[in-house]
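Student: All I have is the shape, not the residue letters:
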Ligand SMILES: Cc1cc2nc3c(=O)[nH]c(=O)nc-3n(C[C@H](O)[C@H](O)[C@H](O)COP(=O)(O)OP(=O)(O)OC[C@H]3O[C@@H](n4cnc5c(N)ncnc54)[C@H](O)[C@@H]3O)c2cc1C
């Protein structure tokens with residue numbers, strides 16, 4: 001059989017696919033990248049970049065209105081969604097060249113636009129071309145899951161794929177889903193002047209997080225005037241653009257009608273596996289999920305799956321990490337390389353909620369022997385100077401003080417969690433963090449202070465007695 005035309009063929013040009021393509025080509029592989037729409041994926045066009053840009057404008061609007069907290073005169077920011085979304089567009093445009101077809105072609109990647117499919121375990125066909133490769137990488141991402149609510153198809157509902165195209169004012173917004181995307185966008189729209197109500201079938205917001213941490217976020221969202229209906233389903237929706245009526249049904253069957261100018265669906269994600277003819281490739285699916293081993297290899301050992309479509313943690317940094325693992329396999333033949341189990345993430349509400357490793361809830365549910373230590377931001381001087389003392393840090397350790405998990409809810413939690421990402425990756429103990437000098441005054445000192453709690457606890461009455469004896473101390 002003729003040798004394959006490419007070393008690597010990547011299907012999907014988002015966060016994961018682009019890193020495989022750029023990395024592969026830079027390392028000397030012959031790479032083709034197939035994209036059905038435009039390079040950049042969800043993160044650039046409909047996810048991280050637009051949402052974090054929107055959140056920044058919303059945060060400034062909030063701080064202007066509440067400027068008395070910093071001894072300044074409050075001002076009305078008079079938000080115009082059209083102008084804010086124009087800024088979102090500009091930020092995307094500023095990043096886009098890094099993900100452009102020209103850049104990738106310049107790196108030597110064969111960029112092919114079109115929607116193709118496998119015709120055999122060795123061939124992927126697109127636009128009349130038969131692509132053969134030593135390694136195929138499926139990096140097709142995910143899309144919003146739209147619940148089968150009666151009437152939903154008759155209204156113009158929003159998802160993360162359309163919400164950033166809005167230019168008209170949003171007087172009122174119903175958000176279906178109180179996960180990270182729902183909470184982030186609910187708060188942003190509220191701060192930009194919309195009346196916002198969140199509806200969720202779950203009994204609380206951010207259900208993947210420990211309840212005590214999620215409660216800090218929820219308290220802030222409620223304080224800002226966002227309405228929440230938990231344990232509630234949307235029984236049906238009716239109306240036209242600008243006048244949407246949603247019938248909410250509580251757990252006890254009681255119904256009420258909620259009206260709003262707009263409705264946003266943020267109720268989970270579906271994996272983009274359709275249309276690829278995975279069966280022809282010998283790639284098995286189980287309940288809509290591509291079957292893969294712990295090294296991201298599918299049931300066809302030449303086909304890998306990375307990023308959201310792999311069905312695990314759906315974050316840009318995970319997609320990029322997966323890409324690095326696939327490159328180790330495809331280029332350096334490091335067959336044993338596996339994705340890290342230490343995955344940090346952050347919900348970018350204000351306050352932010354970030355986590356890495358096991359949660360307190362996980363530890364209890366899995367019967368893992370553990371200890372929990374907390375430290376509040378109100379005892380961190382920098383949090384006081386910032387006027388942002390909400391929230392706390394929490395670490396979970398084993399009996400010997402080895403770190404199992406950490407979570408932070410508060411200002412800049414997404415940045416602060418990185419230290420614990422390193423600590424968990426390196427198998428460190430609380431004493432390792434406790435022994436690091438942290439710059440004063442920084443929010444990061446909360447990482448040391450929470451680890452100090454473990455050290456203080458290690459000081460048993462017997463140890464204290466011995467210290468007193470040895471060093472002839474006078475204390476009681
Ligand atoms: C509102 C929102 C906010 C988010 N915020 C964050 C955040 O703050 N931090 C974070 O880490 N993550 C965030 N995410 C998640 C992040 O965007 C995704 O995890 C990331 O984009 C996944 O990368 P990927 O490469 O798997 O998929 P994508 O980046 O979505 O790329 C998939 C690509 O494949 C293409 N494609 C699909 N099907 C085919 C096909 N059949 N043939 C060819 N091409 C195809 C698509 O057009 C797309 O370009 C957010 C997501 C959303 C929706």
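Tutor: That came through, no problem. Everything numeric here is computed off the predicted structure, so don't read it as measured data.

Student: Okay, and residue 304 sits in which element?
Tutor: strand 303-305 (DSSP states H and E).

Student: which residues are contacting that strand?
Tutor: By C-beta atoms under 8 Å, 6 or more residues apart in numbering, the residues outside strand 303-305 that reach it are 121, 135-139, 281-283, 290, 292, 296-298, 326, 329-330. Placement of C-beta: from N, CA and C, glycine included.

Student: wait, what's in contact with the residue in the stretch 51-200 of the chain that the ligand sits nearest to?
Tutor: At 2.6 Å from the ligand, residue 141 is the closest residue in the stretch 51-200 of the chain, using C-beta to the nearest ligand atom. Residue 141 sits next to 12, 14, 16, 41, 42, 272, 307, 308, 309 when contact means C-beta under 8 Å, 6+ apart.

Student: give me every residue that touches the residue nearest to the spatial centre of the chain.
Tutor: Central residue of the chain (C-alpha atoms, centre = their mean): residue 315, 4.6 Å from the mean position. Counting by C-beta under 8 Å, 6+ apart, residue 315 touches 343, 345.

Student: distance of it from residue 360?
Tutor: 21 Å (C-beta to C-beta, to the nearest Å).

Student: For the residue of the stretch 301-450 of the chain found nearest the ligand, the count of nearby residues, please.
Tutor: The stretch 301-450 of the chain approaches the ligand most closely through residue 307 (2.1 Å), counting by C-beta to the nearest ligand atom. By the criterion of other C-beta atoms under 10 Å, residue 307 has 36 neighbours.

Student: hang on, the earlier thing: now do the phi/psi pair for the residue nearest to the centre of the chain.
Tutor: phi -140, psi 150 (degrees, to the nearest 10).

Student: where does residue 476 land on pLDDT?
Tutor: Looking at residue 476, its pLDDT reads 63.

Student: If we look just around the ligand, which residues of the chain are in range?
Tutor: 11-17, 34-37, 41-43, 46-48, 51-52, 115, 139-141, 160, 181, 272, 275-276, 307-309, 314-317, 319, 348 (C-beta under 6 Å from any ligand atom).

Student: which of these count as buried?
Tutor: 11-17, 34-36, 41-43, 46-48, 51, 139-141, 160, 181, 272, 276, 307-309, 314-316, 319, 348 (16 or more other C-beta atoms under 10 Å).

Student: Skip the chain neighbours and tell me the closest residue to residue 156.
Tutor: Leaving aside its chain neighbours, residue 156 sits nearest to residue 241 (4.8 Å; criterion: C-beta to C-beta, 6 or more residues apart in numbering).

Student: Tell me the spacing between the one you found and the ligand.
Tutor: Going from residue 241 to the ligand by C-beta to the nearest ligand atom, to the nearest Å gives 22 Å.

Student: Could you identify the longest helix within this protein?
Tutor: helix 48-65 (DSSP state H).

Student: Check which helices and strands it is in contact with.
Tutor: Applying 3 or more C-beta pairs under 8 Å, 6 or more residues apart in numbering; DSSP states H and E, one finds that helix 48-65 contacts helix 81-95, helix 180-191.

Student: partners of the helix or strand that the last one is followed by, with directions?
Tutor: Going back to what we said before, that points to helix 180-191. Note on helix 180-191: by DSSP H and E, the next helix or strand toward the C-terminus is strand 195-199. If you go by DSSP bridges, strand 195-199 pairs up with strand 172-176 (parallel), strand 227-229 (parallel).

Student: Next, the angle helix 180-191 makes with whichever helix or strand comes after strand 195-199.
Tutor: Downstream of strand 195-199, the next assigned helix or strand under DSSP H and E is helix 211-223. On the basis of axes from the mean of the first three to the mean of the last three C-alpha atoms, to 10 degrees, helix 211-223 is oriented at 30 degrees to helix 180-191.

Student: for helix 211-223, which positions count as buried?
Tutor: 213, 214, 216, 217, 218, 220, 221.

Student: Not including adjacent chain positions, what is the nearest residue to the third one?
Tutor: Computed as C-beta to C-beta, 6+ apart, the closest residue to residue 216 that is not its neighbour in sequence is residue 409, at 4.6 Å.

Student: what secondary structure does the one you found sit in?
Tutor: What DSSP: H, G, I helix; E, B strand; the rest coil gives for residue 409 is strand.

Student: pretty sure residue 124 contacts residue 8?
Tutor: No - applying C-beta atoms under 8 Å, one finds residue 124 not in contact with residue 8, separated by 11.5 Å.

Student: Any stretches of the stretch 351-476 of the chain with poor pLDDT?
Tutor: Across the stretch 351-476 of the chain, residues meeting the criterion (pLDDT under 70) sit at 476.

Student: quick one, strands of it?
Tutor: Using DSSP state E, counting those that start in this stretch, the strands of the stretch 351-476 of the chain run over 352-357, 371-376, 392-397, 403-410.

Student: Now do stretch 103-112, average pLDDT.
Tutor: For stretch 103-112, mean pLDDT rounds to 98.

Student: Pull up the distance across it, start to finish.
Tutor: 14 Å (C-alpha to C-alpha, to the nearest Å).

Student: which residues sit against that stretch?
Tutor: Stretch 103-112 is contacted from outside by 6, 13, 18, 21-22, 24-26, 30-35, 39, 97, 101, 126-127, 129, 131, using C-beta under 8 Å, 6+ apart.

Student: Pull the distance from stretch 147-161 to the chain's centre.
Tutor: Averaging C-alpha positions (C-alpha atoms, centre = their mean, to the nearest Å) puts stretch 147-161 23 Å from its chain's average.

Student: buried residues in it?
Tutor: Buried residues in stretch 147-161 (16+ other C-beta under 10 Å): 149, 151, 152, 155, 157, 158, 159, 160.

Student: Find the helix or strand that residue 234 is a member of.
Tutor: Secondary structure (DSSP H and E) places residue 234 in strand 232-240.

Student: cool, residue 256 as well?
Tutor: strand 255-260.

Student: Against which helices or strands is that strand packed?
Tutor: Going by 3+ C-beta pairs under 8 Å, 6+ apart, strand 255-260 lies up against strand 172-176, strand 195-199, strand 243-250.

Student: Okay, now the sheet partners of that strand, with direction.
Tutor: strand 243-250 (antiparallel).

Student: From the chain's centroid, how far away is stretch 432-441?
Tutor: With C-alpha atoms, centre = their mean as the basis, the mean position of stretch 432-441 lies at 28 Å from the chain mean.

Student: Report the buried residues of it.
Tutor: 432, 433, 434.

Student: Confirm for me that residue 53 is in contact with residue 88.
Tutor: Yes - applying C-beta under 8 Å, one finds residue 53 in contact with residue 88, separated by 4.6 Å.
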